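[1] what shape does this take:
(one chain, ligands or ions: 1)
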Amino acid sequence: MKTPIAADFPKGRFRRLRSSAGLRNMVRETVLTPHDFIWPIFVMDGTDGAEPIASMPAVSRLTVDRAVVAAKEAYSLGIPAICIFPYTNQGLKTEDCAEAWNPNNLSNRTVRAIKDAVPDMVVMTDVALDPYNINGHDGFVVEGEIVNDQTVEALVKMTLSQAEAGADIIGPSDMMDGRIGAMRDALESNGHKNVAILSYSAKYASGFYGPFRDAVGASGALKGDKKTYQMDPANTDEAIRLVHRDLNEGADMVMVKPGMPYLDICQRVKTEFGVPTFAYQVSGEYAMINAAAQNGWLDHDQVMMESLLAFKRAGCDGILTYFAPAAAKILNG
Ligand code: PBG
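    Numbers count the residues shown, from 1 in each chain. Alright, predicted model coming up:
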């Protein structure tokens, strides 16, 4: 900034514009609304059931009928989108992951039920093999290697089955190379031209996903780590190249994940590309805030709202967050 932005003290006093709620409201640069949220939910088989997830206070796996109720509630709170993660029964996990593109799998049944009951709710699905893979990886494992190109073929089948079920946004969280282009071509040539892709472009190999893996029942299954496909937490330029690549391949929106520890990436992505940019405030971030609040060490609501606002300040257009309904309630007064 070249021009002086305030007179010297005491003519210039920054505290003047902080001195009342009205003045603070007038000059606030960033706002949060319920429209900023995508709410990730976990679904399971059965009817009228909810199973609490120990490491994620106030989050439960829901049966499809309960997920529909949750979607209705979210819609009435002004939350535009919901993202579905299935808890797949152990017996359906195989090496070939065929359940992933079963038109009647749990995720696809949930999509249909929600779109049926709340047609205007935007439904997002997850593309990756981990909920269906006997070894917990996002791709096929062949002789100890997570293979790329074969996995992309499976992800395309998964994408099409989700689009057929009525998903509005496909969310590839797998980090294979070349998947966005392959998915986009398949959607175009199969009559799904308006199905959007929100690419998990800059997804890091993070320790913050622990509680999520409990939630979807993948923790026990996972052999090894995901470092050969998810990003090294030390890298920034690579995130920019990945976003660039995914946009060129046909992604409509991009995501940075995890969220809070990667706000620098969010800001840089938004500044360099100016495209719809989302952050995923992941399960471990949610767990940390809740754990501290349960101990009386932090004020839950204050820290929740502050953490969400931080994403907007960094330039994000929206946030995937387990706090979505709680935060929307506060925003709606
Ligand atoms: C898996 C997937 C993960 C998350 C979303 N999709 C975990 C992983 O990559 O191991 C994490 C979400 C969270 O922690 O809240 N494809």
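
[2] my guess is Ala324 contacts Gly78, does it?
    No: Ala324 lies out of contact with Gly78 (CB atoms under 8 Å); the separation is 10.1 Å. C-beta here means a position set from N, CA and C on the backbone, and glycine is covered the same way.

[3] what sits in contact with each of the two?
    Pro34 (CB atoms under 8 Å, 6 or more residues apart in numbering).

[4] who's more crowded, the two?
    Set Ala324 next to Gly78 and count neighbours by other CB atoms under 10 Å: Ala324 wins out with 25 against 14.

[5] from Leu77, how far off is Gly333?
    Noted for Gly333: a distance of 12 Å to Leu77, by CB to CB, to the nearest Å.

[6] ok, those two, which is more surrounded?
    Leu77 (18 against 4).

[7] count the neighbours of the nearest residue to that one once chain neighbours are set aside for me.
    Spatial nearest neighbour of Leu77, excluding adjacent residues (CB to CB, 6 or more residues apart in numbering): Ala328 at 4.0 Å. Ala328 has 22 neighbouring residues, counting by other CB under 10 Å.

[8] ok, now Arg268?
    That count, for Arg268 with other CB under 10 Å as the rule, works out to 21.

[9] contacting residues for it?
    Thr236, Ala239, Ile240.

[10] what residues are up against the first one?
    Which is Thr236. Counting by CB under 8 Å, 6+ apart, Thr236 has contacts Asp264, Ile265, Arg268.

[11] does the residue nearest to Leu77 really touch Phe37, like I thought?
    Yes: using CB under 8 Å, Ala328 is in contact with Phe37, at 6.5 Å.

[12] mutual contacts of the two, please.
    Shared contacts of Ala328 and Phe37 (CB under 8 Å, 6+ apart): Ile79.

[13] please name the nearest non-neighbouring residue to Thr94.
    Ile134 (5.7 Å).

[14] mind checking which of the contacts of Thr236 land in strands?
    Of those, none are assigned to strands by DSSP state E.

[15] so what's the residue count around Thr277?
    26.

[16] please consider this matter closed, and thank you.
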